[in-house]
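>>> Predicted coordinates and the sequence they were generated for:
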Amino acid sequence: MKSETNARQNQKDIPIIEVPDFVNADPKYRIDCSPDNDEHRTFCQINLTKNRTSNLSESLCTARGCVWDTNSQADKSTCYIPKEKGGYELKQGPDQISNAMTVYSLGRLSSQSSRFSMFNHDIDNLKVQVSISGPDMVRMTIRDENAERYEVPVPLQWAPLVPPTSAPPKIQFQMTKTANKQIGFRILRTDDTQSLLFDTTFFANGFIYDDQFLQIITTIPSRNIYGFGENTHTSFRHNLKDSKRYGIFARDQWPTGENENLYGTHPFYMVIEPNGQAYGVFIFNSNAQDYRFDEFDTDQATLTYRTIGGIFDIFVFAGTTPEQVIRQYQSVIGKPYFPPYWG
């Protein structure tokens, strides 16, 4: 029985992807190794545990296995993760659970010669479960392989289902790896564009699964990005040139014109590709989160997503129109209640 989640791909077929030279050379693509000392001090101040501090120094940076560079520009990371460190490697898989679901086992890449850890509570073994539901939707869930973690106790409408032959899949999952054996996750269109809707390969060293700090970084094939929130923004479309990090944590806060998290938590975004096709991504997590979109290459973007707990549970909706994306999204989360007239 052939798995439709990653058709024709097995462990030997996982492609090795070369990270472009401009990603390695440009300081703006460095992955910060000091999130507890960022511009908003998002993950610091409370319960400073071993190897966690709000005052970064060269000795603390190198103790994490990172690189210290005081010559970097003011808005670039002084302490960053080198490309050869971090990430996870494939231990086992793909194991086919059904023709609509595949499972992989990953192990953290950290040895005495390439030791790296931000907070010393990394999860060593992960289970990646990839499933499809019809031709339009792919779900990737990444859990601790050896222990249960908090998951959002809200039921979703998800039924792993192979699309009929009359409606072949519009998107598919592909696992990749770097020259350093770091695993990347791709979800790409199956049409002639082969557009990479979600791709962590170039920043596989920034894939972190710590007990209280989870991070994943993906490239985006367009700069027409909408959604996420609720936050205060100056435009409907995200501004990537002078990008900021936005928090997601509902606190019943009205907008006052600053960078604020407001009433709701909606970790969902939509992208309009250069050819006009649309797709959506939903990250199912209810812990405190933040995100940042940045420019990438000449006409693309990146997303850095971080949270302090739970798991990675990521849904990709193929669209291809904005209306279809929303219908696919609502088929999973449900439709909103009709508000009362007096409300």
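Cool, the structure landed.

>>> going forward, measure contacts between C-alpha atoms and count neighbours the same way
Will do.

>>> gap between residue 174 and residue 140?
For residue 174, the distance to residue 140 (CA to CA, to the nearest Å) stands at 11 Å.

>>> ends of stretch 219-235, how far apart?
22 Å.

>>> list the contacts for residue 272?
222, 224, 225, 278, 279 (CA atoms under 8 Å, 6 or more residues apart in numbering).

>>> For these, give me CSV that also has neighbour count and pLDDT.
Below are those laid out as CSV (neighbours: other CA atoms under 10 Å; pLDDT from 0 to 100):
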residue, neighbour count, pLDDT
222, 19, 98
224, 20, 98
225, 22, 98
278, 22, 98
279, 23, 98
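
>>> Which of those fall within helices?
Using DSSP state H, no member of these falls in helices.

>>> and of those, the nearest to residue 34?
residue 225 (26.8 Å; CA to CA).

>>> give me the beta-bridge partners of that closest one?
Counting by DSSP bridges, residue 225 forms beta bridges with residue 271.

>>> In a strand, residue 326, correct?
No - assessed by DSSP: H, G, I helix; E, B strand; the rest coil, residue 326 does not belong to a strand; its assignment is helix.

>>> Retrieve the pLDDT associated with it.
pLDDT recorded at residue 326 is 97.

>>> Report the contact partners of it.
Contacts of residue 326 (CA under 8 Å, 6+ apart): residue 280.

>>> One more pass at 10 Å, please.
For residue 326, the contacting residues are 270, 279, 280, 317, 319, by CA atoms under 10 Å, 6 or more residues apart in numbering.

>>> what's the nearest residue to the residue nearest to the spatial centre of the chain if we skip its chain neighbours?
With distances taken as CA atoms, centre = their mean, residue 216 lies nearest the centre of the chain, 3.8 Å away. Spatial nearest neighbour of residue 216, chain neighbours left out: residue 207 (4.9 Å); criterion: CA to CA, 6 or more residues apart in numbering.

>>> In this structure that neighbour contacts residue 86, no?
Yes - with contact defined as CA atoms under 10 Å, residue 207 reaches residue 86; the gap is 7.2 Å.

>>> any common contacting residues for the two?
Residues touching both residue 207 and residue 86 by CA under 10 Å, 6+ apart: residue 182.

>>> Which other helices and strands does the longest strand seen in the chain contact?
In the chain, assigned by DSSP state E, the strand with the most residues is strand 88-98. In terms of contacts (3 or more CA pairs under 10 Å, 6 or more residues apart in numbering; DSSP states H and E), strand 88-98 is packed against strand 101-108, strand 125-133, strand 171-177, strand 183-189.

>>> Export those strands as TSV, with columns for distance to residue 77 and mean pLDDT.
As requested, the helices and strands packed on strand 88-98 are exported to TSV (distance: least, CA to CA, whole Å; pLDDT from 0 to 100):
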stretch	distance to residue 77	mean pLDDT
strand 101-108	24	97
strand 125-133	28	98
strand 171-177	25	97
strand 183-189	23	98
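
>>> one step back: tabulate the contacts of residue 326 (TSV), appending distance to residue 197.
Shown next, in TSV, are these (distance: CA to CA, whole Å):
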residue	distance to residue 197
270	11
279	8
280	9
317	10
319	11
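
>>> Inside strands: which ones of those?
270, 279, 280, 317.

>>> Which one of the residues you listed is nearest to residue 103?
Distances from residue 103 to those, taken by CA to CA, are shortest for residue 317, at 20.2 Å.

>>> List the contacts of the residue lying closest to residue 222 once chain neighbours are set aside.
The spatially closest residue to residue 222, leaving aside those adjacent along the chain, is residue 300, at 4.6 Å (CA to CA, 6+ apart). The contact partners of residue 300, taken as CA under 10 Å, 6+ apart, are 219, 220, 221, 222, 223, 224, 240, 273, 274, 294.

>>> Tell me the buried residues within those residues.
For the contacts of residue 300, a burial check counting by 16 or more other CA atoms under 10 Å picks out 219, 220, 221, 222, 223, 224, 240, 273, 294.

>>> least confident pick among the residues you listed?
residue 240 (93).

>>> phi, psi of residue 234?
With angles defined as degrees, to the nearest 10, residue 234 shows backbone torsions of phi -90, psi -10.

>>> ugh, wrong one, residue 63
phi -70, psi -30.

>>> and what of the one 4 residues further on?
Main-chain torsions, residue 67, degrees, to the nearest 10: phi -110, psi 130.

>>> Report the beta-bridge partners for it.
Those that pair with residue 67 in a beta bridge, by DSSP bridges, are residue 80.

>>> List the contacts of it.
Residue 67 sits in contact with 32, 33, 58, 61, 77, 78, 79, 80, 81, 82, where contact means CA under 10 Å, 6+ apart.
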